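**Q** Sharing a model that was predicted from the sequence below.
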Amino acid sequence: MIESALSVDTGDITMETFVDGVGPDVLLVHGFPHTKLLWSHVADRLIQRRRVIAPDLRGTGGSTRAADGYDADSLSTDLGLLLDRLGSTSTDIVAIDAGVPPAFLLALREPDRVRRLVLMESTLGVLPGAEDFFRAGPPWWFGFHQVPGLAEVVLEGHEDDYLDFFYRTGTFDGSGIEAEVRDASVASYSGRESLRCAFEIYRAMPQTAAQIADAVAGGRLRVPTLAIGAQPVGDALHRQLTPIADDLRGALVPKCGHIIPLDQPDALVTLLDQFLD
């Protein structure tokens, strides 16, 4: 369990960040509705041979509830500044869900500082390849979260019931995640302002999609990359990356829900060991 953390001032915001271990750096980037605690079981194994850096993204966990800056470009800048403050000039990056777009942009734009990139259970804007995943339209909560000022008002006071939907459906057997991580995550997303920050990532999706399209138009992903899928995203991300990546591998985790680091941490660590070493 990730318990201790540093408060790192990046100049614009403060990011609460777990830092532990000795060796090559690995940056772990969570998504929604998670915090750095998503990586608890993965970090425990990685710190034996790496320096693990696991921040709470802008607006989540112990990090600043900022008024804006939830597009992928801004979140990517946050990650770069965090690495600067921690003296990291070369790192592997492992990202999932809403953490994938900013991690992707950082690796594409700064290949000299990113050794290897692992992206999981997400899609990248409107890049070709994810048509099958979106055949029936985007997930219903995308639209709900994107309406300015609505979801946080509706859900305030009912955060646990709402977030449990994601924790249950994010596991293969529908049992949800362990109580300690679940309770801490719900607490992090509780209250109107915390909810607003979470939903701002969805409200920034059109801007993020444009940023990804522009970045891809201007260059290729040169960093060795592993795309990992489970249920429900599967190989959609791998298909999106195939035309634009110089060195791409793919993997599917069997009998695993969306929340791979908590649902199948052993399988994930095995894949990371094989790819990052």
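**A** It's in.

**Q** What would stretch 153-171 look like as PDB? C-alpha coordinates only.
**A** Output in PDB follows, covering the C-alpha atoms of stretch 153-171 (Å, rounded to 0.1, in the frame of the first residue of the first chain):
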ATOM      1  CA  VAL A 153     -24.100  18.900  -8.700                       C
ATOM      2  CA  VAL A 154     -26.100  15.700  -9.300                       C
ATOM      3  CA  LEU A 155     -23.500  13.400  -7.700                       C
ATOM      4  CA  GLU A 156     -22.400  15.400  -4.600                       C
ATOM      5  CA  GLY A 157     -23.400  13.400  -1.600                       C
ATOM      6  CA  HIS A 158     -23.600  10.200  -3.700                       C
ATOM      7  CA  GLU A 159     -20.000   9.800  -4.700                       C
ATOM      8  CA  ASP A 160     -19.500   6.400  -3.100                       C
ATOM      9  CA  ASP A 161     -22.500   4.900  -5.000                       C
ATOM     10  CA  TYR A 162     -21.400   6.400  -8.300                       C
ATOM     11  CA  LEU A 163     -17.700   5.500  -8.100                       C
ATOM     12  CA  ASP A 164     -18.500   1.900  -7.000                       C
ATOM     13  CA  PHE A 165     -20.000   1.400 -10.400                       C
ATOM     14  CA  PHE A 166     -16.600   2.000 -12.000                       C
ATOM     15  CA  TYR A 167     -14.800   0.000  -9.400                       C
ATOM     16  CA  ARG A 168     -17.100  -3.000  -9.900                       C
ATOM     17  CA  THR A 169     -17.300  -2.900 -13.600                       C
ATOM     18  CA  GLY A 170     -13.500  -2.300 -13.800                       C
ATOM     19  CA  THR A 171     -12.800  -5.700 -12.300                       C
END
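
**Q** most centrally placed residue in the chain?
**A** G99 (2.4 Å; Cα atoms, centre = their mean).

**Q** For the closest residue in space to F166 that isn't next to it in sequence, grab the count of nearby residues.
**A** Distance criterion Cβ to Cβ, 6 or more residues apart in numbering; nearest residue to F166, sequence neighbours excluded, is P33 at 5.5 Å. For the C-beta atoms, the positions are set from N, CA and C on the backbone; glycine is no exception. Residue neighbour count, defined by other Cβ atoms under 10 Å, stands at 24 for P33.

**Q** please renumber so the chain begins at 676
**A** Renumbered: residue one is now 676, and that last one reads P708.

**Q** Could you double-check that P708 lies in contact with C872?
**A** No - taking contacts as Cβ atoms under 8 Å, P708 lies outside contact range of C872: 11.2 Å.

**Q** need the contact list for the residue nearest to F841.
**A** Contact analysis of P708 by Cβ atoms under 8 Å, 6 or more residues apart in numbering lists 838, 841-842, 860, 864, 873.

**Q** Having no further points to raise, I will conclude here.
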